[in-house]
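Asks: Give me a 3D structure for the following:
(one chain, ligands or ions: 1)
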Amino acid sequence: MSLSQLARSIKESVTLKLNETAALLREKGEPVIHLGGGEPKTKVPIDAVINCTSLLNTGEIRYTPPDGIPSLKKAIIRYTEEHYKKVVSAHNLIASGGAKQALMVLLHAILDPKEEVIFPAPYWVSYPEMVKLAGGVPVPVTAEDGSFCPTVKEIADVVSSYTKAIIINSPNNPSGVMYSKDFIQEMVEFCEKKSIYLIMDDIYNRLVFNGKTAPICYDFVKAPFEQSKLIVINGVSKMYAMTGFRIGWAIANEELIAAMATIQSQQTSGPSAPSQWAAVGALNGVQSAIDSLRLTLENNRTVMMDRLKAFDGVKVHAPDGTFYCFPDFSAYIKDSQKLSKLLLDEVRVVTVPGKEFGFEGHLRLSYCGTVRDITEGLDRIKWALDPNSPNELYLGDRKLVREWV
Ligand SMILES: Cc1ncc(COP(=O)(O)O)c(C=O)c1O
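Replies: Residues are numbered from 1 along each chain as shown. Below is the predicted model:
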């Protein structure tokens, strides 16, 4: 078969692949615990369901404008005003098939072949492949001190004449770290000075713990909005647990949004109409779903941190937000792919290898499942790695007895 160079150069999404593996094992009756997931398990807000089914009940489900229906645009404008204190117009935003598509059309709209996109490591697994899909070159930056956030100077050091954009994802997938206000301010000022696109991937910015809120990038923009190269990416997937609806959006200057809308119109046309109406329902409806999700995640995070502390060899930074943490397991096994495979094979726990996020020795663990998943999953991991744990472990009704060599 002759496939394009591009097709041959792109890796499949590891996280989606792991979902598939977990589902297949479960079908076979295996007692799998999924700590690799990237979606909350709470129900979709009722206002989203009502709005969506109202459209379905009309029986008239048609194409929509390529950049989204006016009602969704209105809801996003209101959301942006409320949470970012920023007034934008309908020409400043595009609704897409998830934040992922918003990012993809954005990269298509700004990148020429071989232009570079910088992002801090650890990074969301999709950034490198998405940049490559758009013809660009991914440039991850790792902090020299081993922390999860490089300094602006470290980022500035890799800027070249090919640099077109920098992506900042805070709170961050996979580390759960929320970058400081000073860092965001310096990034905004740096990109403005250098005339580099700054892409703020804010998909987790409502899922922040300890009563904190994420810094607002717009507070630091000095250029008039229509000349600004700042793009904010967002969506309903994470904050409303609406991953299956596939609605996200981008906010940017009018010219860029128009270019993105043209690309999207030829790529997929407008996002699915029922999903757009569901997103309108979620954005305009009762907002308690976000608070209750955040509280659940905050509690789950505490449970996970407490459990991880019981490992002698694990180093972990308590996440500021998201539903991930990114512990360092290198004291047990350095090769994270090998470690993740061992945990799946031996104790049926799904984890995501740190290597996929550009950070070896770590595993991404999600706490978006149940407390039972977290406690049992970590007990199993401890059994597999730590000689100080009890010798026996039950996987469902299967008894495992450890033999250390
Ligand atoms: C950092 C980051 N950005 C974007 C997305 C994509 O979200 P969506 O489901 O809206 O496409 C994800 C999903 O995992 C993510 O982790």
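Asks: name the helices or strands packed onto the helix or strand containing Leu55?
Replies: According to DSSP states H and E, Leu55 maps onto helix 46-58. If you count contacts as 3 or more CB pairs under 8 Å, 6 or more residues apart in numbering; DSSP states H and E, helix 46-58 packs onto helix 273-284. For the C-beta atoms, the positions are set from N, CA and C on the backbone; glycine is no exception.
Asks: so the helix it packs on versus helix 46-58, what angle?
Replies: 150 degrees (axes from the mean of the first three to the mean of the last three CA atoms, to 10 degrees).
Asks: Are helix 273-284 and the ligand in contact anywhere?
Replies: No - figure legend: helix 273-284 not in contact with the ligand (CB under 6 Å from any ligand atom); closest approach 10.4 Å.
Asks: Using PDB, write out every CA atom in that helix.
Replies: What follows is helix 273-284, C-alpha atoms only, in PDB (Å, rounded to 0.1, in the frame of the first residue of the first chain):
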ATOM      1  CA  ALA A 273     -25.700  21.000  14.900                       C
ATOM      2  CA  PRO A 274     -27.100  18.900  17.900                       C
ATOM      3  CA  SER A 275     -23.700  19.300  19.600                       C
ATOM      4  CA  GLN A 276     -23.700  23.000  19.100                       C
ATOM      5  CA  TRP A 277     -27.100  23.300  20.600                       C
ATOM      6  CA  ALA A 278     -26.000  21.100  23.500                       C
ATOM      7  CA  ALA A 279     -23.100  23.500  24.100                       C
ATOM      8  CA  VAL A 280     -25.400  26.500  24.100                       C
ATOM      9  CA  GLY A 281     -27.500  24.700  26.800                       C
ATOM     10  CA  ALA A 282     -24.400  24.000  28.900                       C
ATOM     11  CA  LEU A 283     -23.000  27.500  28.600                       C
ATOM     12  CA  ASN A 284     -26.300  29.300  29.200                       C
END
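Asks: OK, contacts around the nearest residue to Ala143 once chain neighbours are set aside?
Replies: In space, and not counting its chain neighbours, Ala143 is closest to Pro150: 4.1 Å by CB to CB, 6 or more residues apart in numbering. Going by CB atoms under 8 Å, 6 or more residues apart in numbering, Pro150 touches Pro120, Ala121, Val141, Thr142, Ala143, Glu144.
Asks: The fifth one against Cys149, yeah?
Replies: Yes - between Ala143 and Cys149 there is a contact under CB atoms under 8 Å: 6.1 Å.
Asks: Find the residues that touch each one of the two.
Replies: Common contacts of Ala143 and Cys149 (CB under 8 Å, 6+ apart): Pro120.
Asks: Within the helices and strands, which one has the residue positioned nearest the centre of the chain?
Replies: Nearest residue to the geometric centre of the chain (CA atoms, centre = their mean): Asn173, 5.0 Å. Assigned by DSSP H and E, Asn173 falls within no helix or strand.
Asks: One more: the one 10 residues further on?
Replies: Using DSSP H and E, Phe183 sits in helix 181-194.
Asks: Identify all contacting residues around the very next helix or strand once past that helix.
Replies: On the C-terminal side of helix 181-194, the closest following helix or strand by DSSP H and E is strand 197-201. With contacts defined as CB under 8 Å, 6+ apart, strand 197-201 is touched by 99, 103, 106, 110, 124, 164-170, 187-188, 191-192, 217, 229-233.
Asks: what about strand 197-201 and the ligand, any contact?
Replies: Yes - counting by CB under 6 Å from any ligand atom, contacts between strand 197-201 and the ligand involve Asp201.
Asks: Please compute how far the helix or strand following that strand lies from its chain's middle.
Replies: The first helix or strand that comes after strand 197-201 along the chain, using DSSP H and E, is strand 230-235. Strand 230-235 sits 13 Å away from the centroid of its parent chain (CA atoms, centre = their mean, to the nearest Å).
Asks: what's the helix or strand just after strand 230-235 packed up against?
Replies: The C-terminal neighbour of strand 230-235 among helices and strands, as given by DSSP H and E, is strand 248-251. Using 3+ CB pairs under 8 Å, 6+ apart, the elements in contact with strand 248-251 are helix 70-84, strand 93-96, helix 98-110, strand 230-235, helix 254-267.
Asks: For strand 248-251, give me every contacting residue.
Replies: By CB under 8 Å, 6+ apart, the residues outside strand 248-251 that reach it are 68, 76, 80, 86, 88, 92-103, 105-106, 203, 231-237, 257, 260.
Asks: you'd agree Pro171 is in a strand?
Replies: No - checked against DSSP: H, G, I helix; E, B strand; the rest coil, Pro171 lies outside a strand; its state is coil.
Asks: which stretches of this protein aren't confidently modelled?
Replies: Residue ranges of the chain with pLDDT under 70: 404-405.
Asks: Show me how the record splits it into domains.
Replies: Listed domain ranges for the chain are 5-43+288-401, 46-284 (source: automatic domain parsing).
Asks: end to end, how far does the shortest one reach?
Replies: Its first and final residues considered, domain 5-43+288-401 spans 48 Å by CA to CA, to the nearest Å.
Asks: Name all residues that make contact with the closest residue to Asp335 other than its chain neighbours.
Replies: For Asp335, ignoring the flanking residues on the chain, the nearest one in space by CB to CB, 6+ apart is Glu360 at 7.4 Å. Taking CB under 8 Å, 6+ apart, we find Glu360 in contact with Ser330, Lys334, Asp335, Ser336, Gly354.
Asks: looking at this, Glu360 is in a helix?
Replies: No - going by three-state DSSP, the assignment for Glu360 is coil, not a helix.
Asks: what are the phi and psi angles of it?
Replies: phi -70, psi 160 (degrees, to the nearest 10).
Asks: Mind checking which of the contacts of Pro150 are buried?
Replies: Among the contacts of Pro150, those classed as buried by 16 or more other CB atoms under 10 Å are Pro120, Ala121, Val141, Thr142.
Asks: quick one: which of those is nearest the ligand?
Replies: Using CB to the nearest ligand atom, Pro120 comes nearest to the ligand of the buried ones among the contacts of Pro150, at 11.8 Å.
Asks: Great, nothing more from me.
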